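Enquirer: I'd like to go over a predicted model; first the sequence, then the structure.
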Number of protein chains: 6
Amino acid sequence: MSKKVVTFGEIMMRLTPPANKRFIQADKFNIIYGGGEANVAISTANYGLDSYFVTKLPENPLGQAALNEVRRFGVKTDFVARGGIRLGKYFCETGASQRSSNVIYDRAHSAIAEASSSDFNWNEIFADADWFHVTGITPALSDNMADITIEAVNKASEHGVKVSCDLNYRAKLWSREKANQVMSEVMQYVDVCIANEEDAEMTFNIKSGSNIEKGELNIEGYRDVAQQLIDKFDCELVGSHLRESYNASVNGWLVVLFDGEKFVQSEKYRVYIVDRVGGGDSFAGALIYSQLTGKSLQETAEFGAAASALKQSIPGDFNHMTLSEVEEVAGGPGSGRVKR
Amino acid sequence: MSKKVVTFGEIMMRLTPPANKRFIQADKFNIIYGGGEANVAISTANYGLDSYFVTKLPENPLGQAALNEVRRFGVKTDFVARGGIRLGKYFCETGASQRSSNVIYDRAHSAIAEASSSDFNWNEIFADADWFHVTGITPALSDNMADITIEAVNKASEHGVKVSCDLNYRAKLWSREKANQVMSEVMQYVDVCIANEEDAEMTFNIKSGSNIEKGELNIEGYRDVAQQLIDKFDCELVGSHLRESYNASVNGWLVVLFDGEKFVQSEKYRVYIVDRVGGGDSFAGALIYSQLTGKSLQETAEFGAAASALKQSIPGDFNHMTLSEVEEVAGGPGSGRVKR
Amino acid sequence: MSKKVVTFGEIMMRLTPPANKRFIQADKFNIIYGGGEANVAISTANYGLDSYFVTKLPENPLGQAALNEVRRFGVKTDFVARGGIRLGKYFCETGASQRSSNVIYDRAHSAIAEASSSDFNWNEIFADADWFHVTGITPALSDNMADITIEAVNKASEHGVKVSCDLNYRAKLWSREKANQVMSEVMQYVDVCIANEEDAEMTFNIKSGSNIEKGELNIEGYRDVAQQLIDKFDCELVGSHLRESYNASVNGWLVVLFDGEKFVQSEKYRVYIVDRVGGGDSFAGALIYSQLTGKSLQETAEFGAAASALKQSIPGDFNHMTLSEVEEVAGGPGSGRVKR
Amino acid sequence: MSKKVVTFGEIMMRLTPPANKRFIQADKFNIIYGGGEANVAISTANYGLDSYFVTKLPENPLGQAALNEVRRFGVKTDFVARGGIRLGKYFCETGASQRSSNVIYDRAHSAIAEASSSDFNWNEIFADADWFHVTGITPALSDNMADITIEAVNKASEHGVKVSCDLNYRAKLWSREKANQVMSEVMQYVDVCIANEEDAEMTFNIKSGSNIEKGELNIEGYRDVAQQLIDKFDCELVGSHLRESYNASVNGWLVVLFDGEKFVQSEKYRVYIVDRVGGGDSFAGALIYSQLTGKSLQETAEFGAAASALKQSIPGDFNHMTLSEVEEVAGGPGSGRVKR
Amino acid sequence: MSKKVVTFGEIMMRLTPPANKRFIQADKFNIIYGGGEANVAISTANYGLDSYFVTKLPENPLGQAALNEVRRFGVKTDFVARGGIRLGKYFCETGASQRSSNVIYDRAHSAIAEASSSDFNWNEIFADADWFHVTGITPALSDNMADITIEAVNKASEHGVKVSCDLNYRAKLWSREKANQVMSEVMQYVDVCIANEEDAEMTFNIKSGSNIEKGELNIEGYRDVAQQLIDKFDCELVGSHLRESYNASVNGWLVVLFDGEKFVQSEKYRVYIVDRVGGGDSFAGALIYSQLTGKSLQETAEFGAAASALKQSIPGDFNHMTLSEVEEVAGGPGSGRVKR
Amino acid sequence: MSKKVVTFGEIMMRLTPPANKRFIQADKFNIIYGGGEANVAISTANYGLDSYFVTKLPENPLGQAALNEVRRFGVKTDFVARGGIRLGKYFCETGASQRSSNVIYDRAHSAIAEASSSDFNWNEIFADADWFHVTGITPALSDNMADITIEAVNKASEHGVKVSCDLNYRAKLWSREKANQVMSEVMQYVDVCIANEEDAEMTFNIKSGSNIEKGELNIEGYRDVAQQLIDKFDCELVGSHLRESYNASVNGWLVVLFDGEKFVQSEKYRVYIVDRVGGGDSFAGALIYSQLTGKSLQETAEFGAAASALKQSIPGDFNHMTLSEVEEVAGGPGSGRVKR
């Protein structure tokens, strides 16, 4: 029987102008549903794990559409609470060349941000679960969500469920001080930590030494960051994806992992970006799958790097790659030949 | 020099699934900007009047896009305040046949709903103005907007500006009690009142005798409603559009006017609906134009009926008909022959 | 706990040129998934019943997409067999005015047509089931599907599951002789029979007396047909929807039911057609829901007529109407007023 | 071997905003190629006749695209001259309900308008031809086109080719005086004349007695017009389609024919309009086919009415109906039932 | 008079999700018609040769649409047989970055796969023909197509028609053993052989020494392959295009030719891929044109490389480049400056 | 109060097939409005300057749509003359990889080309103006436009308005001789000259030494060209953007400026092109803004290079970048990281 993975967080409606248009030009939006933890659940479902996404959604057609999109791709929604006023939304303009992507959040007062502890029965949710994943976005949504997240990781721990957390610092949601305080508590229960780009610095003031603005990477610096995270929170594994941002159309992309002893680095991919949103979540999903199925550290890095590079060739947040499709690329050059 | 018309209210982003899709099926939204008073300003600008729309919009690309759309069609935006958190939005599913259109509001905390009195300099705004139009939606947005609306009509009155108000009762925004209380104050300053369908009943408990659910019209009942409104608020003119809702695809449509003495009725049109939103506002805009240019009561009714029937053949809120195009149809059968 | 409904049949990919284009003009197809029994399961899921769709789908992305679409809208797919060569497809050109819709089947050798008895474990499927629905299309797909269908209704009967069957005669799939022979066996186990238009005549040589080509309806003739079906197969209920085909854009639509004693007739709707495919299945789904929840015969007819008229205002095969939305229209005129 | 039909005139690029948008709202145009005589050639090719379209097109990709579109649907383009500066274009906004369709011509200086006599070798073109069709638009394009048209009908006559002409008066192209003078010469060689709506009145001051603005038809008046045309120009057959323009969405449509003795009238269709452009040309094409294949006068009227009603359910100028599809509707009610 | 080229094979409907979507996300397909030999005929027609495409297509609108698309672009269809059950189809997902394009064939039982020898009158077809082109796909369709292909090349040879063959090995259609056996017979009549990538290895076990998975090219290895093909089958010319697959978005592309004495190599292009399907066929078409018009070996390589690089910048299978457009790029760097 | 900028020239409707399609494949056009001087006015309006665009447009919906598009983005249209026959149009096919973009002009007889001197009241237009911008396209439109342009720059000079001119040589509009003669007169009044690529050579026979076909740049050669322009016409500043055309998808892009003493060069960007049209105009607009707000020469170059590189990532002619967005990139690498 396949392993059971639970993820918990917000799923939003993303509204994006088609064909590289700016907001100011748009007369249509593509509707995309996504959110860090939902994206991870899609990935693990695609690889064959028994995947549950836990959230709260309003009882209206927009909330229903978000739930349907997750269910459509095989994620189980049995523990989704319903109620609240509105679905969180954000507007995202897709960058190109020297022009950055631009995000306008419209997520205040969302159903999940205003959820209460009684919306989620963690004992029921974690029964027979093998893995629990959450990101730093979830506790940043509101004070009660900070409490509920801490309750969740605590409960997961009690049930012997492995806990992973992607720090995912969001400056528009909370201050560095607040993040440091809440995430320090959350991290008490975290076994596997994902810390990308400046997340460790923004959240815990742990610096990687890379200058992300310049697109230069200090790969060795990441080992250092990982070591500090392990020292501080006693995690068993720290992972990071590294993006060399040449411009908004083409990026370098690789993955590093550190388990306190070994530091491994994946193949580096030159990614021609279709949609970069969800790249990091794809790495998280791939990492969870790899760890639950006994891949080695190097294999985990390769699987994670391939999965997350591939995601960026697909429109939308979700990583619609099957297990065999990712494995075919993992560790290789990703030459993209036609299959026929 | 052309007459100056000022309208005041909210403009929202309307998100509508294309091609009769339900929300639950949509993967694209058409983006439409509109709102009662903005729609009226577009109409009067199209007929050649000097038209100003007053509102408050956030300082972000979505607020800018709303402002641009109004400016694009010749409405002046000199008095638009900028600031606040978000642009009001609503989701609208277009009905067909027996299926009603469905609206989900997402307008709480919009820039205009949270505007303050200091955002609008009414003395400057009403200098040289000839007409001021507002609807019952604007004071319903929030308590401060109720106050600001009363301030606005009061100031307009002081400046000798003619004031029109479309009652436009919205049950999702306020209670009948609140509406009655606020609108009774607003109506002290109103010269021309538009009261459609059940608006007079919902706002002031004045009944028309029509059963709108049945699609049957009691035209004479409207004279009675108008008489009561005139008696109560001393208006000089009351207008109503009458919709015979056979189903969501085909409606009957006509207009009645009462000036306290004469009661006139327009040609009735069988409207094959492309987009019914903004039909009532087109009537208001046409009425303002007609009154400012000295049309007779019957001519006003015919111009108003033609304008508002024609609007419903156009996608979006705005009535993109020119003066001559409306006049060509007004009073006639609307046979829709090709011009070439 | 909600009642459990099982349906069994083929789901196909429907490819339709957008915007009234003919095949010969098309450079895009809209992709729609649907099939009689899948459509029924969607309806009953929308009304809150525990709904299972049983079929066989190929192990490729097209088969997966069909499964996903059903799952997306809340139908359970636990008993869907996987394997076979291809997904059945059909091309459908949407008619308008005097031009009929046109269907080109491309469904030969589909996974389900080549399914074998071992693909379906009926004992497991019917455990705790309350209702089983199938149509005359399923046994028409192939000789083995005829056998499997007979096995299924037989098993359902053994498990005390109520069985409904929509005759749905398809001349392109089998001859009248073959249909008569197989369906006569199937009908031994059927409790509720749906026989629309010429189905009873084509399948069992039972005539309704209506001339469907003329668009004239002989409503009383339907009582006669129903009586004959009851006499011959001992059903407890016979239902029919009646379409007055004025042209391909506007139809009259009503529903009749006969339980051997009472003959009831629903409100008649003037339907402005968006997509007529799935109209009959919506009637079947509504009938099953009505019977499982104890509606009276007249209520069943009204609920069924409203549900199936409403379906035709929605693009695609599936009836995306909620229980409350259908109930709001049922028995009334369907005036299609906006909800806001 | 099938009969050879030749038509001669302009084919233009039509640019139309999608989905009922007005020009002022459009950010996309659908590209449609069409023109009276090209449309007729498409119809006769669809019915199986050997059809040639003669025109002049510029040697650039737009001219090529127009030629390709005609060739795509089986019309032969062997005699199309190439050269000149530009392809004629027009912008057409599709009306709905009370809003008329609106046409903006941008056809001045087109390749065909500036063609010279040497561009067309009529002896070669008419070798073995059975029928030649032209409309009143072709000679209206320019003075040299008036001369070339007269040369063409004259030559056709010399070769014993039957000549048909659709008067098709266009006020934007020439005056009534000029039309009268040129068309009087053209009519010397015309065997079959098509005169719709006000064409006979505008061109030759022959009145039908119908008030087309009112949408009322005086069918008997058409016999009178036909009699006058026969008296004046000695034609053997006069045909007219009659449009009852209730509004831009729904029309009544029928056809009358007069051969100097018998006056016949077709079934009348209630047409729900998808695209009305090309309706008249479809009647002409159907008439030519009917006459070349020996249909009776009544059969010709029914075939012509069905063909041209059906055209209006198809987007674009061309009538993509096959012979058997038209025959299935001809003389019947056009109930639009699905074929499957 | 221009030279006559005949090509023979299958044309399929290709269904492709727009905008880089995966099958699982698609709700629309772009419809593209193409197939190796049809693509070649389009190329030679574009360069001004008299081009015939021979195939068999079903007598339904889908078969007609495929025929129309070929005819639209100037290819003659006089020898297309009609009949059979279905048009061959395939679904193609466009790759990007590290994600490969993915093809699902749905071509079994197509009209051409089930064609019989009597469908094609080769004596008539090859009268006055100068060149005949076929690929290894055509005989792979079915046993009878293997026989018919051998008959065709034999007949072409008898008529003194030059024969070219693109080996085009398709693992999904036949085994290497079967391919070797049939193609060895076909090659008896082939004058010009195109062998790309692994085709020679898969079909005849002749290895190029390149590792296509790595994207590394062993250009000299191709001379060796060509020499072996010439030795074995006595061809006069062997050509190959070489693709350096950096990833699915950017490829290196060049062409080599060997005539038994000289080995030439073209300019290498860095291709930013819009649609790679049909690239190889564009090379074949350009080679045929070059050889029929007396270009030198080096000129042939440059023309072929430019033509096939340019094709990959155009959506669809067909290479819509004119002679002068290709010649402008041939031999140069392809800097892509605007023409205005 | 912000500075007032006036630009004068033609705005055209650009019709572009979507998604890299060639004209010959297109069945839709995207509608884009643009023209050199209109584009510049959009840029300066976006940066907060008081911007007026002067032109002549026909009194029809297409002329209105062009005016609306300019007004929508904050450019003032008070001095736009109305009248004339037609709006200028051009068709533009977007290149990719080795395939160049292709332009077909259809602008003859446009309203502005046939404008007369009395259409523009320069004294009124230049009252309080700070800057006037025109390009070499405007005088090339017709002889009267050459006269009017000379009148305009002369008048601007009289009013003490700074004058800039982008040479913008268009071979399809006039000969080198005519250009030399007219532009020599225009340049008498020009303070700031923009001369890109071969403009100086084509207009005044001043060579840069770069071989643009090869994509190689001789940056020092540009200093030489600038020196010659200053020597000849006594300008105070000469600017050029330099495009390294690797192919139609990826370009190198930088900017150089020379003020007679200092020669500065900007950061070079690797531009992944979305729409290259308007790149040069964005440089001009940025240069005007920089000079009017006192930026240094180096800052001007960086702001200009960033603005014009960013433009090429946006569909359409207009540069929808705000002041702060350009400044964020100016002088830096343009790494295109997401903002959230």
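Expert: It's in.
Enquirer: Tell me how far the residue nearest to the spatial centre of chain A lies from residue A:241.
Expert: Centroid-nearest residue in chain A: residue A:281, 2.9 Å away (criterion: CA atoms, centre = their mean). Here the criterion is CB to CB, to the nearest Å. By it, residue A:281 lies 10 Å from residue A:241. Just so you know, the C-beta spots here come from the backbone N, C-alpha and C atoms, and that holds for glycine as well.
Enquirer: Then residue A:27?
Expert: In terms of CB to CB, residue A:27 sits 35 Å off from residue A:241.
Enquirer: These two: which has the busier surroundings?
Expert: For residue A:27 versus residue A:241, neighbours defined as other CB atoms under 10 Å in any protein chain shown are more numerous around residue A:241 (25 against 18).
Enquirer: what about the closest residue to chain B within the stretch 51-200 of chain A, how many neighbours?
Expert: Residue nearest to chain B within the stretch 51-200 of chain A: residue A:61 (3.9 Å; CB to the nearest CB). Residues contacting residue A:61 under the criterion other CB under 10 Å number 21.
Enquirer: what's it in contact with, if anything?
Expert: B:22-24, B:93, B:102, B:104 (CB atoms under 8 Å, 6 or more residues apart in numbering or on different chains).
Enquirer: quick one, what contacts residue A:255?
Expert: Applying CB under 8 Å, 6+ apart, the residues contacting residue A:255 are A:239-242, A:265-266, A:283, A:301, A:304-305, A:308.
Enquirer: Am I right that it falls within a strand?
Expert: Yes. Assessed with DSSP: H, G, I helix; E, B strand; the rest coil, residue A:255 lies in a strand.
Enquirer: what pLDDT does it get?
Expert: Looking at residue A:255, its pLDDT reads 96.
Enquirer: again, but for the one 5 residues further on
Expert: The pLDDT attached to residue A:260 in the predicted structure is 96.
Enquirer: Residue A:36 now?
Expert: On the pLDDT scale, residue A:36 gets 97.
Enquirer: Next: residue A:1.
Expert: Predicted confidence (pLDDT) for residue A:1: 65.
Enquirer: again with residue A:216
Expert: With respect to pLDDT, residue A:216 has a value of 55.
Enquirer: near chain E, which residues of the stretch 201-340 of chain A?
Expert: A:269-274, A:306, A:309-310, A:312-316, A:320-321, A:325, A:329, A:332-340 (CB under 8 Å from any CB of the partner chain).
Enquirer: again, only this time at 10 Å
Expert: Applying CB under 10 Å from any CB of the partner chain, we find that the stretch 201-340 of chain A lies next to chain E at A:249-251, A:253, A:267, A:269-275, A:305-306, A:309-316, A:318, A:320-322, A:325, A:328-329, A:332-340.
Enquirer: List buried members of those residues by neighbour count.
Expert: A:249-251, A:253, A:267, A:269-275, A:305-306, A:309-316, A:318, A:320-321, A:325, A:328-329, A:333-338, A:340 (16 or more other CB atoms under 10 Å in any protein chain shown).
Enquirer: List, out of the residues you listed, those positioned next to chain C.
Expert: residue A:320.
Enquirer: Can you classify the residue lying closest to residue A:73 once chain neighbours are set aside by secondary structure?
Expert: Nearest residue to residue A:73, sequence neighbours excluded (CB to CB, 6 or more residues apart in numbering or on different chains): residue A:42, at 5.2 Å. Under three-state DSSP, the three-state class of residue A:42 is helix.
Enquirer: Residue A:42: how many residues sit nearby?
Expert: A count of neighbours around residue A:42, defined by other CB under 10 Å, yields 29.
Enquirer: now it: how far from chain C?
Expert: 12 Å (CB to the nearest CB, to the nearest Å).
Enquirer: ok but residue A:241 is inside a strand, no?
Expert: Yes. The assignment for residue A:241 by three-state DSSP puts it in a strand.
Enquirer: residues contacting it?
Expert: A:194-197, A:222, A:253-256, A:266, A:279-280, A:282-284, A:287, A:301, A:304-305, A:308-309 (CB atoms under 10 Å, 6 or more residues apart in numbering or on different chains).
Enquirer: Filter the contacts of residue A:61 down to the buried ones, ChimeraX style.
Expert: Selection of the buried residues among these in ChimeraX, burial being defined by 16+ other CB under 10 Å:
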select /B:22,23,24,93,102,104
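Enquirer: Okay, now stretch A:259-267: how far is its last residue from its first?
Expert: Taking CA to CA, to the nearest Å, stretch A:259-267 runs 18 Å from one end to the other.
Enquirer: May I see the buried residues of it?
Expert: Of the residues in stretch A:259-267, those buried (16+ other CB under 10 Å) are A:259, A:263-267.
Enquirer: Equivalent analysis for stretch A:274-294, please.
Expert: By neighbour count on 16+ other CB under 10 Å, the buried set for stretch A:274-294 is A:274-293.
Enquirer: Just the ones in helices from the contacts of residue A:241, please.
Expert: Secondary structure assignment by DSSP state H places A:222, A:279-280, A:282-284, A:287, A:301, A:304-305, A:308-309 of those in helices.
Enquirer: Show me where the stretch 151-300 of chain A has its strands.
Expert: All strands of the stretch 151-300 of chain A, identified by DSSP state E, counting those that start in this stretch, fall at A:162-166, A:192-194, A:237-245, A:250-258, A:263-265, A:269-272.
Enquirer: can you put the ones you listed in TSV and add distance to residue B:98?
Expert: Formatted as TSV, the strands of the stretch 151-300 of chain A follow (distance: least, CB to CB, whole Å):
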stretch	distance to residue B:98
strand A:162-166	48
strand A:192-194	51
strand A:237-245	52
strand A:250-258	51
strand A:263-265	62
strand A:269-272	48
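Enquirer: from the chain's centre, how far out does stretch A:314-332 sit?
Expert: Relative to its parent chain, stretch A:314-332 has a centroid offset of 15 Å by CA atoms, centre = their mean, to the nearest Å.
Enquirer: could you check whether it is close to chain F?
Expert: No. Interface with chain F: stretch A:314-332 contributes nothing (CB under 10 Å from any CB), its closest point being 13.2 Å away.
Enquirer: Touching, residue A:243 and residue A:197? I think so.
Expert: Yes. If you go by CB atoms under 10 Å, residue A:243 and residue A:197 touch, sitting 6.9 Å apart.
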